[in-house]
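Novice: Here is the input, now give the coordinates:
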Amino acid sequence: MLSQNGAPAACKPTGAVVSQPINKESSHTDNSISNALLAGYPDVLDTKDVGKALGVPVVTIRQMFREEQLPYFKVGAQYRVPKIWLLDFINNGGK
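Specialist: Modelled structure (predicted):
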């Protein structure tokens with residue numbers, strides 16, 4: 001069922017107003033290098049791909065997982081990192 005404005009009824013607009021415009025150009029510029037860095041990688045990277053992308057050995061990546069420096073999830077015994085999480089990690093200076 002659609003509302004009067006054409007949006008699904010469950011997704012009614014809140015009417016919130018943004019006080020300052022978002023500068024999309026600067027955020028794009030800041031992220032373009034890291035986006036290009038991961039352009040050839042799949043949407044979800046394994047430990048080996050994360051190591052290649054960051055230029056560090058797999059042992060270091062596993063240590064970063066253990067020390068909770070790098071976000072991940074596990075599939076069975078294998079570590080996985082969504083590309084967007086890795087981009088956030090890179091864009092936040094490794095934090």
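
Novice: wait, isn't Leu54 in contact with Gln69?
Specialist: No. Counting by C-beta atoms under 8 Å, Leu54 stays clear of Gln69, with 11.3 Å between them. Backbone N, C-alpha and C define where each C-beta goes, glycine included.

Novice: When the two are compared, which one has more neighbours?
Specialist: Counted by other C-beta atoms under 10 Å, Leu54 and Gln69 do not tie: Leu54 has more neighbours, with 17 against 13.

Novice: distance of the more buried one from Gly76?
Specialist: 23 Å (C-beta to C-beta, to the nearest Å).

Novice: cool, and Asn35?
Specialist: Distance from Asn35 to Gly76, by C-beta to C-beta: 29 Å.

Novice: Please identify which of these two sits among more neighbours.
Specialist: With neighbours defined as other C-beta under 10 Å, Asn35 and Gly76 compare such that Asn35 has more, 14 against 4.

Novice: Starting from Ile90, give me the distance back to the more buried one.
Specialist: From Asn35 to Ile90 the distance is 10 Å (C-beta to C-beta).

Novice: Ok, Val81 next?
Specialist: 11 Å.

Novice: Determine the number of other residues adjacent to Ala53.
Specialist: Using other C-beta under 10 Å, Ala53 has 20 neighbouring residues.

Novice: what does Asp46 give?
Specialist: 17.

Novice: Kindly report the same for the one 10 residues further on.
Specialist: Using other C-beta under 10 Å, Val56 is surrounded by 13 other residues.

Novice: Over to it: give its phi and psi.
Specialist: phi -130, psi 160 (degrees, to the nearest 10).

Novice: where along the protein do the helices fall?
Specialist: 24-37, 47-54, 58-66, 83-91 (DSSP state H).

Novice: Please tabulate those helices in JSON lines, including the columns mean pLDDT.
Specialist: Shown next, in JSON lines, are those (pLDDT from 0 to 100):
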{"stretch": "helix 24-37", "mean pLDDT": "58"}
{"stretch": "helix 47-54", "mean pLDDT": "95"}
{"stretch": "helix 58-66", "mean pLDDT": "96"}
{"stretch": "helix 83-91", "mean pLDDT": "91"}
